[in-house]
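**Q** The following block contains a protein sequence and its predicted model.
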Protein chains: 2
Amino acid sequence: MPSKNKELITELLKSSKLSITETRVKILELFLKSNGALEHADFEKLSGKSFDRVTIYRTLQTFLDKGIVHKIPTTDTSVRYAICRSECREHEHHDHHVHFRCEECGSTQCLEETDIPVLSLPKGYDVRNVEVVVSGVCKACH
Amino acid sequence: MPSKNKELITELLKSSKLSITETRVKILELFLKSNGALEHADFEKLSGKSFDRVTIYRTLQTFLDKGIVHKIPTTDTSVRYAICRSECREHEHHDHHVHFRCEECGSTQCLEETDIPVLSLPKGYDVRNVEVVVSGVCKACH
DNA sequence: AATAAATTGCAACTGTGTTGCAAAAGTATA
DNA sequence: TATACTTTTGCAACACAGTTGCAATTTATT
(Lines give C-alpha, C1' and ligand atoms only; values in the text may rest on other atoms or scores of the structure.)
Protein backbone atom coordinates (compact mmCIF):
# COMPACT_ATOMS: atom_id res chain seq x y z
CA MET A 1 0.00 0.00 0.00
CA PRO A 2 2.08 2.89 -1.22
CA SER A 3 -0.61 5.50 -0.53
CA LYS A 4 -0.58 4.54 3.12
CA ASN A 5 3.20 5.04 3.23
CA LYS A 6 2.80 8.48 1.67
CA GLU A 7 0.41 9.52 4.42
CA LEU A 8 2.75 8.16 7.06
CA ILE A 9 5.68 10.03 5.54
CA THR A 10 3.73 13.27 5.33
CA GLU A 11 2.76 12.98 8.96
CA LEU A 12 6.33 12.18 9.96
CA LEU A 13 7.70 15.25 8.19
CA LYS A 14 4.96 17.51 9.54
CA SER A 15 5.49 16.36 13.12
CA SER A 16 9.21 17.10 12.71
CA LYS A 17 8.37 20.59 11.38
CA LEU A 18 9.96 19.90 8.04
CA SER A 19 8.49 21.02 4.74
CA ILE A 20 7.37 18.24 2.46
CA THR A 21 9.67 18.03 -0.52
CA GLU A 22 10.12 15.46 -3.26
CA THR A 23 13.59 14.50 -2.05
CA ARG A 24 12.62 13.95 1.55
CA VAL A 25 9.58 11.89 0.63
CA LYS A 26 11.58 9.72 -1.75
CA ILE A 27 14.37 9.08 0.73
CA LEU A 28 11.89 8.15 3.44
CA GLU A 29 10.15 5.81 0.99
CA LEU A 30 13.47 4.07 0.37
CA PHE A 31 13.99 3.70 4.13
CA LEU A 32 10.55 2.19 4.60
CA LYS A 33 10.93 -0.11 1.63
CA SER A 34 14.28 -1.59 2.71
CA ASN A 35 14.15 -3.09 6.16
CA GLY A 36 17.88 -2.70 6.60
CA ALA A 37 20.32 0.15 6.95
CA LEU A 38 21.27 2.25 3.95
CA GLU A 39 24.36 4.20 3.08
CA HIS A 40 24.76 7.24 0.93
CA ALA A 41 25.60 5.33 -2.23
CA ASP A 42 22.37 3.32 -1.93
CA PHE A 43 20.27 6.44 -2.32
CA GLU A 44 22.03 7.39 -5.52
CA LYS A 45 21.50 3.90 -6.90
CA LEU A 46 17.97 3.27 -5.66
CA SER A 47 16.63 6.67 -6.60
CA GLY A 48 17.91 6.31 -10.13
CA LYS A 49 20.27 9.22 -9.70
CA SER A 50 17.34 11.58 -9.83
CA PHE A 51 18.76 13.97 -7.27
CA ASP A 52 22.02 15.56 -6.39
CA ARG A 53 24.64 14.09 -4.07
CA VAL A 54 24.66 17.22 -2.00
CA THR A 55 20.91 17.12 -1.49
CA ILE A 56 21.14 13.58 -0.19
CA TYR A 57 23.85 14.52 2.29
CA ARG A 58 21.83 17.46 3.53
CA THR A 59 18.62 15.49 3.75
CA LEU A 60 20.24 12.73 5.79
CA GLN A 61 21.79 15.32 8.10
CA THR A 62 18.40 16.95 8.58
CA PHE A 63 16.82 13.60 9.40
CA LEU A 64 19.61 12.93 11.89
CA ASP A 65 19.06 16.31 13.57
CA LYS A 66 15.35 15.64 13.85
CA GLY A 67 15.80 12.14 15.19
CA ILE A 68 14.14 10.50 12.19
CA VAL A 69 17.16 8.33 11.42
CA HIS A 70 20.23 7.20 13.33
CA LYS A 71 23.73 6.18 12.34
CA ILE A 72 25.09 2.68 12.79
CA PRO A 73 28.75 2.16 13.73
CA THR A 74 31.02 0.51 11.18
CA THR A 75 34.68 -0.43 11.07
CA ASP A 76 35.22 1.12 7.66
CA THR A 77 34.72 4.63 6.37
CA SER A 78 31.15 4.04 5.25
CA VAL A 79 28.28 5.65 7.13
CA ARG A 80 25.11 3.62 7.48
CA TYR A 81 21.72 5.06 8.39
CA ALA A 82 18.61 3.36 9.69
CA ILE A 83 15.19 4.81 10.32
CA CYS A 84 14.24 5.21 13.98
CA ARG A 85 11.15 3.20 14.77
CA SER A 86 10.89 4.76 18.17
CA GLU A 87 12.85 6.23 21.07
CA CYS A 88 14.75 8.87 19.11
CA ARG A 89 14.04 12.50 19.79
CA GLU A 90 15.64 15.59 18.35
CA HIS A 91 19.38 15.67 19.15
CA GLU A 92 19.07 12.62 21.32
CA HIS A 93 19.44 9.20 19.82
CA HIS A 94 19.23 6.05 21.83
CA ASP A 95 19.24 2.97 19.72
CA HIS A 96 18.37 0.44 22.33
CA HIS A 97 18.56 -2.45 20.00
CA VAL A 98 21.19 -4.57 18.35
CA HIS A 99 22.49 -4.00 14.83
CA PHE A 100 23.34 -6.99 12.73
CA ARG A 101 25.73 -6.98 9.81
CA CYS A 102 25.61 -9.97 7.48
CA GLU A 103 28.99 -11.02 6.12
CA GLU A 104 27.36 -12.82 3.20
CA CYS A 105 24.96 -10.32 1.68
CA GLY A 106 26.47 -7.23 3.27
CA SER A 107 23.18 -5.93 4.58
CA THR A 108 22.80 -4.30 7.97
CA GLN A 109 19.61 -4.82 9.91
CA CYS A 110 18.14 -3.45 13.11
CA LEU A 111 17.08 -6.25 15.43
CA GLU A 112 14.38 -4.27 17.16
CA GLU A 113 13.35 -7.17 19.32
CA THR A 114 16.82 -7.82 20.71
CA ASP A 115 17.53 -5.52 23.63
CA ILE A 116 21.05 -4.51 24.40
CA PRO A 117 22.24 -6.16 27.58
CA VAL A 118 23.13 -4.35 30.77
CA LEU A 119 26.86 -3.80 31.18
CA SER A 120 28.88 -3.31 34.32
CA LEU A 121 31.81 -1.05 33.54
CA PRO A 122 34.72 -0.33 35.87
CA LYS A 123 34.20 2.39 38.48
CA GLY A 124 34.45 5.96 37.23
CA TYR A 125 32.89 5.40 33.84
CA ASP A 126 29.62 7.21 33.16
CA VAL A 127 27.64 5.38 30.46
CA ARG A 128 25.41 7.42 28.17
CA ASN A 129 24.90 5.15 25.19
CA VAL A 130 25.70 1.57 24.22
CA GLU A 131 26.07 0.37 20.65
CA VAL A 132 26.08 -3.32 19.82
CA VAL A 133 27.01 -4.42 16.33
CA VAL A 134 26.89 -8.14 15.66
CA SER A 135 28.33 -9.61 12.51
CA GLY A 136 27.72 -13.06 11.11
CA VAL A 137 25.25 -14.69 8.76
CA CYS A 138 21.67 -13.45 8.64
CA LYS A 139 18.39 -15.31 8.43
CA ALA A 140 18.09 -14.99 4.66
CA CYS A 141 21.65 -16.15 3.87
CA HIS A 142 21.67 -19.02 6.31
CA MET B 1 61.57 1.58 30.09
CA PRO B 2 61.80 2.27 26.40
CA SER B 3 64.44 -0.37 25.74
CA LYS B 4 62.12 -3.03 27.08
CA ASN B 5 59.42 -1.85 24.67
CA LYS B 6 61.88 -2.07 21.79
CA GLU B 7 62.58 -5.69 22.58
CA LEU B 8 58.89 -6.41 22.86
CA ILE B 9 58.25 -4.75 19.51
CA THR B 10 61.07 -6.62 17.83
CA GLU B 11 59.69 -9.90 19.12
CA LEU B 12 56.17 -8.99 18.01
CA LEU B 13 57.30 -8.22 14.47
CA LYS B 14 59.49 -11.31 14.25
CA SER B 15 56.69 -13.60 15.43
CA SER B 16 54.44 -12.09 12.77
CA LYS B 17 57.11 -12.70 10.13
CA LEU B 18 57.47 -9.03 9.37
CA SER B 19 60.77 -7.31 8.76
CA ILE B 20 61.80 -4.78 11.35
CA THR B 21 61.61 -1.32 9.86
CA GLU B 22 61.77 2.15 11.35
CA THR B 23 58.14 2.91 10.47
CA ARG B 24 56.72 -0.23 11.98
CA VAL B 25 58.70 0.15 15.17
CA LYS B 26 57.66 3.77 15.58
CA ILE B 27 53.98 3.08 14.97
CA LEU B 28 54.02 0.22 17.46
CA GLU B 29 55.76 2.48 19.97
CA LEU B 30 52.94 4.99 19.58
CA PHE B 31 50.38 2.24 20.15
CA LEU B 32 52.12 1.05 23.30
CA LYS B 33 52.57 4.59 24.60
CA SER B 34 48.92 5.58 24.23
CA ASN B 35 46.57 3.26 26.04
CA GLY B 36 43.69 4.23 23.77
CA ALA B 37 42.76 3.83 20.17
CA LEU B 38 44.46 5.85 17.47
CA GLU B 39 43.40 7.03 14.08
CA HIS B 40 45.44 7.73 11.02
CA ALA B 41 45.77 11.46 11.72
CA ASP B 42 47.24 10.73 15.15
CA PHE B 43 50.23 8.99 13.61
CA GLU B 44 51.02 11.96 11.41
CA LYS B 45 50.83 14.26 14.42
CA LEU B 46 52.56 12.06 17.00
CA SER B 47 55.35 10.98 14.72
CA GLY B 48 56.22 14.54 13.83
CA LYS B 49 55.33 13.97 10.17
CA SER B 50 58.47 11.96 9.76
CA PHE B 51 56.91 9.46 7.40
CA ASP B 52 54.59 9.40 4.48
CA ARG B 53 50.80 9.11 4.64
CA VAL B 54 50.87 6.15 2.32
CA THR B 55 53.37 4.30 4.46
CA ILE B 56 51.14 4.73 7.50
CA TYR B 57 48.13 3.37 5.61
CA ARG B 58 50.10 0.39 4.41
CA THR B 59 51.63 -0.30 7.80
CA LEU B 60 48.25 -0.24 9.53
CA GLN B 61 46.82 -2.54 6.88
CA THR B 62 49.73 -4.95 7.40
CA PHE B 63 49.19 -4.91 11.16
CA LEU B 64 45.49 -5.62 10.60
CA ASP B 65 46.26 -8.55 8.31
CA LYS B 66 48.65 -10.01 10.87
CA GLY B 67 46.24 -9.51 13.76
CA ILE B 68 48.49 -7.07 15.57
CA VAL B 69 45.83 -4.35 15.67
CA HIS B 70 42.06 -4.26 15.25
CA LYS B 71 39.57 -1.66 14.12
CA ILE B 72 36.95 -0.12 16.37
CA PRO B 73 33.51 0.73 14.96
CA THR B 74 32.56 4.40 14.77
CA THR B 75 29.52 6.30 13.58
CA ASP B 76 31.57 8.75 11.55
CA THR B 77 33.98 8.22 8.69
CA SER B 78 37.03 7.97 10.92
CA VAL B 79 38.78 4.64 11.38
CA ARG B 80 40.19 3.90 14.80
CA TYR B 81 42.80 1.25 15.54
CA ALA B 82 43.78 -0.38 18.80
CA ILE B 83 46.55 -2.84 19.49
CA CYS B 84 45.47 -6.39 20.19
CA ARG B 85 46.62 -7.48 23.62
CA SER B 86 45.59 -11.05 22.95
CA GLU B 87 43.15 -13.29 21.16
CA CYS B 88 43.75 -11.99 17.66
CA ARG B 89 45.27 -14.27 15.10
CA GLU B 90 46.02 -13.63 11.45
CA HIS B 91 42.81 -12.84 9.54
CA GLU B 92 40.70 -13.60 12.56
CA HIS B 93 39.90 -10.86 14.99
CA HIS B 94 37.85 -11.40 18.08
CA ASP B 95 37.86 -8.40 20.33
CA HIS B 96 36.16 -9.89 23.32
CA HIS B 97 36.16 -6.68 25.24
CA VAL B 98 34.22 -3.44 25.35
CA HIS B 99 35.37 -0.22 23.69
CA PHE B 100 34.68 3.05 25.44
CA ARG B 101 34.47 6.40 23.69
CA CYS B 102 34.64 9.49 25.96
CA GLU B 103 32.43 12.35 24.82
CA GLU B 104 34.52 14.86 26.78
CA CYS B 105 38.11 14.19 25.75
CA GLY B 106 37.31 12.24 22.58
CA SER B 107 39.57 9.34 23.45
CA THR B 108 38.68 5.74 22.77
CA GLN B 109 39.83 3.08 25.20
CA CYS B 110 39.77 -0.69 25.30
CA LEU B 111 38.22 -1.94 28.52
CA GLU B 112 40.06 -5.23 28.56
CA GLU B 113 38.55 -6.29 31.84
CA THR B 114 34.96 -5.84 30.70
CA ASP B 115 33.75 -8.88 28.82
CA ILE B 116 31.11 -8.53 26.18
CA PRO B 117 27.87 -10.11 27.35
CA VAL B 118 26.23 -13.12 25.78
CA LEU B 119 23.42 -12.20 23.39
CA SER B 120 20.41 -14.21 22.36
CA LEU B 121 19.53 -13.29 18.81
CA PRO B 122 16.38 -14.39 16.98
CA LYS B 123 16.47 -17.84 15.37
CA GLY B 124 18.34 -18.08 12.09
CA TYR B 125 21.11 -15.66 12.91
CA ASP B 126 24.62 -17.06 13.05
CA VAL B 127 26.82 -14.89 15.26
CA ARG B 128 30.51 -14.63 14.45
CA ASN B 129 31.60 -11.46 16.18
CA VAL B 130 30.11 -8.95 18.61
CA GLU B 131 31.29 -5.36 18.92
CA VAL B 132 30.26 -3.23 21.87
CA VAL B 133 31.02 0.48 21.81
CA VAL B 134 30.00 2.43 24.89
CA SER B 135 30.02 6.21 24.88
CA GLY B 136 29.90 8.48 27.90
CA VAL B 137 32.38 10.11 30.26
CA CYS B 138 35.61 8.34 31.10
CA LYS B 139 37.45 7.94 34.38
CA ALA B 140 39.83 10.83 33.74
CA CYS B 141 37.13 13.34 32.71
CA HIS B 142 34.70 12.43 35.44
C1' DA C 1 80.07 -6.98 1.29
C1' DA C 2 77.01 -8.25 -2.46
C1' DT C 3 72.63 -9.80 -3.94
C1' DA C 4 67.72 -10.58 -3.60
C1' DA C 5 63.45 -9.32 -1.53
C1' DA C 6 60.61 -6.24 0.78
C1' DT C 7 59.36 -1.60 2.05
C1' DT C 8 59.07 3.26 1.36
C1' DG C 9 58.14 7.83 -0.86
C1' DC C 10 56.44 10.29 -4.62
C1' DA C 11 53.03 11.60 -8.00
C1' DA C 12 48.76 11.08 -9.60
C1' DC C 13 44.18 9.62 -9.11
C1' DT C 14 39.45 8.31 -7.12
C1' DG C 15 35.82 8.88 -4.04
C1' DT C 16 33.48 11.11 -0.16
C1' DG C 17 31.79 14.88 2.10
C1' DT C 18 31.47 20.28 2.48
C1' DT C 19 30.51 25.21 1.38
C1' DG C 20 28.67 29.43 -1.07
C1' DC C 21 25.53 31.09 -3.96
C1' DA C 22 21.91 31.59 -7.42
C1' DA C 23 17.73 29.21 -9.14
C1' DA C 24 13.74 26.57 -8.03
C1' DA C 25 10.27 24.73 -5.11
C1' DG C 26 7.49 24.91 -1.02
C1' DT C 27 4.64 27.60 2.40
C1' DA C 28 1.78 31.19 4.04
C1' DT C 29 -1.07 35.21 3.31
C1' DA C 30 -4.23 37.97 1.32
C1' DT D 1 -5.17 31.41 -6.81
C1' DA D 2 -1.90 34.86 -7.24
C1' DT D 3 1.76 37.04 -4.46
C1' DA D 4 5.48 37.55 -1.44
C1' DC D 5 8.42 35.17 1.74
C1' DT D 6 11.13 31.25 3.22
C1' DT D 7 13.29 27.05 2.57
C1' DT D 8 15.43 23.72 -0.24
C1' DT D 9 17.87 22.28 -4.22
C1' DG D 10 21.56 21.96 -7.78
C1' DC D 11 25.81 23.51 -9.47
C1' DA D 12 30.64 24.57 -9.17
C1' DA D 13 34.45 24.45 -6.61
C1' DC D 14 36.97 22.85 -2.91
C1' DA D 15 39.11 19.96 0.99
C1' DC D 16 40.45 15.71 2.59
C1' DA D 17 40.88 10.55 3.04
C1' DG D 18 42.44 6.63 1.01
C1' DT D 19 44.53 3.96 -3.18
C1' DT D 20 47.74 2.52 -6.96
C1' DG D 21 52.02 2.15 -9.90
C1' DC D 22 56.61 2.69 -10.02
C1' DA D 23 61.32 3.93 -8.99
C1' DA D 24 64.46 4.50 -5.10
C1' DT D 25 65.74 2.99 -0.67
C1' DT D 26 66.08 -0.11 3.11
C1' DT D 27 66.16 -4.70 5.15
C1' DA D 28 67.30 -9.53 5.15
C1' DT D 29 70.19 -13.27 3.36
C1' DT D 30 74.31 -15.51 1.75
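**A** Received it, and whenever you're ready, just let me know what you need. The structure displayed is predicted, hence computed values, not measured ones. Residues are numbered from 1 along each chain as shown, chains lettered A, B, ... in the order given.

**Q** Any residues of chain A in contact with DNA strand D? List them.
**A** Within chain A, the residues that sit near DNA strand D (CB under 7 Å from any atom of the strand) are A:18-19, A:21-24, A:51-52, A:54-55, A:58-59, A:62, A:77. Glycine gets a C-beta too; all of them are placed from N, C-alpha and C.

**Q** Where does the prediction get shaky in chain A?
**A** For chain A, the stretches with pLDDT under 70 are A:1-3, A:49, A:86-95.

**Q** Please enumerate the strands of it.
**A** A:38-39, A:69-72, A:80-83, A:98-102, A:108-111, A:126-137 (DSSP state E).

**Q** Which one, of the ones you listed, ends up nearest to residue A:31?
**A** Closest approach to residue A:31 among the strands of chain A (CB to CB): strand A:80-83, 4.3 Å.

**Q** Sheet partners, orientation included, of that closest one?
**A** strand A:38-39 (antiparallel), strand A:69-72 (antiparallel) (DSSP bridges).

**Q** most tightly surrounded among the strands of chain A?
**A** strand A:98-102 (a mean of 24; mean count of other CB atoms under 10 Å in any protein chain shown).

**Q** what's the closest non-adjacent residue to the residue of chain A most remote from its centre?
**A** Ranked by distance from the centre of chain A (CA atoms, centre = their mean), the top residue is residue A:123, with 32.5 Å. Spatial nearest neighbour of residue A:123, excluding adjacent residues (CB to CB, 6 or more residues apart in numbering or on different chains): residue B:139 at 7.9 Å.

**Q** quick one on the thing from earlier: the residue farthest from the centre of chain A and residue B:65, how far apart?
**A** Using CB to CB, to the nearest Å, one gets 37 Å for the distance from residue A:123 to residue B:65.

**Q** which ones are touching residue A:74?
**A** A:80, A:101, A:133, B:73-74 (CB atoms under 8 Å, 6 or more residues apart in numbering or on different chains).

**Q** Around DNA strand C, pick out the residues from chain A.
**A** A:19-22, A:40-41, A:53-54, A:57-58, A:61, A:77-79.

**Q** and the end-to-end length of stretch A:62-79?
**A** The first residue of stretch A:62-79 is 15 Å away from its last residue (CA to CA, to the nearest Å).

**Q** The most centrally placed residue in chain A pairs with what?
**A** Central residue of chain A (CA atoms, centre = their mean): residue A:82, 1.0 Å from the mean position. For residue A:82, the beta-bridge partners under DSSP bridges are residue A:70.

**Q** Tell me who's in contact with the nearest residue to residue A:78 once chain neighbours are set aside.
**A** Leaving aside its chain neighbours, residue A:78 sits nearest to residue A:39 (5.1 Å; criterion: CB to CB, 6+ apart). Contact analysis of residue A:39 by CB under 8 Å, 6+ apart lists A:78-81.

**Q** which parts of stretch A:38-48 are buried?
**A** A:38, A:42-43, A:46 (16 or more other CB atoms under 10 Å in any protein chain shown).

**Q** among these, which are in helices?
**A** A:42-43, A:46 (DSSP state H).

**Q** Just send the residues you listed back as CSV, with distance to residue B:128 too.
**A** Shown next, in CSV, are these (distance: CB to CB, whole Å):
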residue, distance to residue B:128
A:42, 24
A:43, 29
A:46, 28
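
**Q** Now residue A:101: closest residue in space that isn't a chain neighbour?
**A** Counting by CB to CB, 6+ apart, residue A:101 lies nearest to residue A:135, which is 4.4 Å off, once chain neighbours are set aside.
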